[in-house]
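Undergrad: Fold the following for me, if possible:
(one chain, ligands or ions: 1)
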Amino acid sequence: MTTVGDVGDASDVEHVEEVRPGWELAGAADGFERLWTPHRLAYLSGENKPADDGAGSQCPFCRAPGQDDETGLTVARGEHAFVVLNLYPYNTGHVMVCPYRHVSLYPDLTAEETLEVAELTKTAMRVLTDVSGCQGFNLGMNQGSVAGAGIAAHLHQHVVPRWGGDANFMPVVGRTKVLPQLLGDTRSLLAEVWPKA
Ligand SMILES: [Zn+2]
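TA: Here you go, the predicted model:
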């Protein structure tokens, strides 16, 4: 069965909960491994599924900057754009760079927004490399629902760190991503290393 070490290098896992010996706790061991995925509960209960009213009132990318960094999972704030963790990450450290403005299409960004989205993307790559030792990235924007955008009304640039062997059988056969670090811990780690303005 899979272990934390199967996803990327064990060396990129900064914080692993201490596992208490089973004999201290109630229950009987059987032949199964358990994979705890508390982040799935938010997904299953439909949190953050916006009904787009055009004004962004239900939009998670409009809502996040109004919350404190820990609650909104915000990693860094610029003048025109900000960096936030993806609640449904493809990989540990999957961040998104978004303009504050509720705008859908890349050509509609102002020059200032375009520049800052690009600069924050570069900084995110440096920080993720420093913190996690990732070996590559997938960068990109899905423009429009037809292209795969989950929240098409508010542009977001994905920055997904990659490690050799991070795509194992779990997502292919089991449609399950194994994520060895909780989002709050990832956010703190990135925010700590993010260069101060
Ligand atoms: Zn929005």
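Undergrad: give me the number of residues near residue 124?
TA: The tally of other residues near residue 124 (other C-beta atoms under 10 Å) stands at 24. Quick note: C-beta positions are derived from backbone N, CA and C, even for glycine.
Undergrad: name the helices or strands packed onto the helix or strand harbouring it?
TA: Following DSSP states H and E, one finds residue 124 within helix 111-132. When contacts are defined as 3 or more C-beta pairs under 8 Å, 6 or more residues apart in numbering; DSSP states H and E, helix 111-132 sits against strand 74-77, strand 81-85, strand 95-99, strand 136-140, strand 157-162, helix 183-193.
Undergrad: For it, the averaged confidence score.
TA: What helix 111-132 shows for mean pLDDT is 97.
Undergrad: and the direction of it versus that of helix 183-193, what angle?
TA: Orientation check (axes from the mean of the first three to the mean of the last three C-alpha atoms, to 10 degrees): helix 111-132 against helix 183-193 gives 100 degrees.
Undergrad: what sits up against helix 111-132?
TA: When contacts are defined by C-beta atoms under 8 Å, 6 or more residues apart in numbering, helix 111-132 is touched by residues 8, 12, 14, 75-76, 78-83, 92-93, 95, 97-99, 101, 103, 109, 134, 137, 139, 157, 159, 161, 189-190, 193-195.
Undergrad: and the end-to-end length of stretch 90-108?
TA: 27 Å (C-alpha to C-alpha, to the nearest Å).
Undergrad: cool, and stretch 132-141?
TA: Using C-alpha to C-alpha, the end-to-end distance of stretch 132-141 comes out at 23 Å.
Undergrad: Distance to residue 61 and mean neighbour count added to the helices and strands packed on helix 111-132, as CSV?
TA: Output for the helices and strands packed on helix 111-132, formatted as CSV (distance: least, C-beta to C-beta, whole Å; neighbours: other C-beta atoms under 10 Å):
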stretch, distance to residue 61, mean neighbour count
strand 74-77, 11, 21
strand 81-85, 7, 24
strand 95-99, 5, 27
strand 136-140, 16, 13
strand 157-162, 11, 21
helix 183-193, 16, 17
